[in-house]
Every structure is written in structure tokens, then in C-alpha cells.
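Peer 1: give me the fold of what follows.
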Amino acid sequence: MAVQKRFIAGAICPRCAEMDRIRSWEQNGIRYRDCVSCDFFEQLPIEDEALTELETRVNREREEQARNDVQTVKILDPKGN
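Peer 2: As a prediction, the model looks like this:
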């Protein structure tokens, strides 16, 4: 039976820094992850859930997200009207 590999949405590869290139799968009680863009490969026990979560745009700190918020810019008329 083939193991189903799933992409992790928003995950950033720790080696090449590409987004949405990390796949994850479980086999024989071990979680595996790899990057389809570079040679990154990692294996961790499934019960080590806290260490296996990759940083994504969804789970970043609120402060970091706030810095990336869009702000309104007012364009002034150069003629002064």
C-alpha cells in the first residue's frame, strides 16, 4: 500500500526558504517531511508533535503579522489643490 504524502500549506522550507514545497507523511510510527525543491529531509517520532510544527504564515507570532499589515497611503496633489 502506497503512503499518501501531503503538502503543508504555508510551510517554509528550513533549508531553501521556499514556501509550499514541504510534504509530510507518516509510516511505522515515524513522521517524515521533505522539500520538493531541495534536498531537505527530516524524520521525527509522531508523539513529538510540539517539535514537528513548521512555521507558517498562519502560526507566526501576532507581532510579526501586525508588522506586515497593509496601511492606507494618501497621495497628495502636487499642485496643492
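Peer 1: and Gln43, what is it in contact with?
Peer 2: Contacts for Gln43 were tallied using C-beta atoms under 8 Å, 6 or more residues apart in numbering; they are Ile30, Arg31, Tyr32, Arg33. Yep, even glycine has a C-beta here, placed from its N, CA and C like the rest.
Peer 1: and what of Val3?
Peer 2: Contacts of Val3 (C-beta under 8 Å, 6+ apart): Trp25, Glu26, Gln27.
Peer 1: I'd like the distance between it and Arg23.
Peer 2: 11 Å (C-beta to C-beta, to the nearest Å).
Peer 1: most centrally placed residue in this structure?
Peer 2: Compute the mean C-alpha point of the chain, and by C-alpha atoms, centre = their mean the closest residue is Ala11, 1.7 Å away.
Peer 1: go ahead and confirm it touches Ile22.
Peer 2: Yes - Ala11 is within contact range of Ile22, at 4.1 Å (criterion: C-beta atoms under 8 Å).
Peer 1: mind listing the helices for this structure?
Peer 2: 49-52, 62-67 (DSSP state H).
Peer 1: weakest of those by average pLDDT?
Peer 2: Of all the helices of the chain, mean pLDDT reaches its minimum on helix 49-52 (a mean of 52).
Peer 1: any stretches of the protein with poor pLDDT?
Peer 2: 1, 46-55, 57, 59-69, 81 (pLDDT under 70).
Peer 1: now the strands for it?
Peer 2: 6-7, 22-27, 30-35, 41-45 (DSSP state E).
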